[in-house]
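In: Just to be clear, the model below is a prediction. Sequence and coordinates:
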Amino acid sequence: MAKEIVRDFYGHIMGSLEDQGDKIIARDFPGRILGYYYKSENRTRDFYGRIVSDGDTTAALIAKADAENR
């Protein structure tokens with residue numbers, strides 16, 4: 001269970017990515033779950049389970065949430 005901190009250009013923490021084997025969980029700075037990347041499906045889903053994209057775009061979910069909260 002590896003955890004990676006996602007930072008912006010200035011070094012401020014925007015969120016984190018947590019690898020849990022078959023899925024990667026994207027969380028914002030306060031720790032709310034933004035979405036999931038399922039490796040077996042090769043799809044990223046949002047918090048509600050809706051397909052966001054093919055491939056791993058969890059870092060983009062974090063960046064979008066950070067931009068909306070500024």
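Out: Okay, I see it.

In: Going by C-alpha atoms from here, please, whenever you check contacts or count neighbours.
Out: Will do.

In: wait, isn't residue 2 in contact with residue 24?
Out: No - at 9.5 Å, residue 2 and residue 24 do not qualify as touching, with contact defined as C-alpha atoms under 8 Å.

In: ok, now which ones touch the residue nearest the centre of the chain?
Out: Centroid-nearest residue in the chain, with C-alpha atoms, centre = their mean: residue 26, separated by 2.5 Å. If you count contacts by C-alpha atoms under 8 Å, 6 or more residues apart in numbering, residue 26 has them with 15, 16, 17, 18, 33, 34, 35, 36, 58, 59, 61, 62.

In: Using the three-state scheme, assign the last one.
Out: This points to residue 62. helix (DSSP: H, G, I helix; E, B strand; the rest coil).

In: Check the one 5 residues further on too.
Out: Three states are possible here, and by three-state DSSP the one that applies to residue 67 is helix.

In: That one: how many residues sit nearby?
Out: Neighbour count for residue 67, taken as other C-alpha atoms under 10 Å: 10.

In: Determine how far the host helix or strand of residue 52 lies from the middle of the whole chain.
Out: Using DSSP states H and E, residue 52 maps to strand 51-54. Centroid separation for strand 51-54 versus its chain: 12 Å, with C-alpha atoms, centre = their mean, to the nearest Å.

In: Now do that strand: everything it contacts.
Out: Counting by C-alpha under 8 Å, 6+ apart, 42, 43, 44, 45, 46 sit against strand 51-54.

In: If you rank these by neighbours, which is first?
Out: That'd be residue 44 among those, by other C-alpha under 10 Å, with 26 neighbours.

In: Angles on the backbone of it, please.
Out: As for residue 44, its main-chain torsions (degrees, to the nearest 10) stand at phi -100, psi 130.

In: Likewise for the one 3 residues further on?
Out: In this entry, residue 47 is assigned phi and psi values of phi -60, psi -30 (degrees, to the nearest 10).
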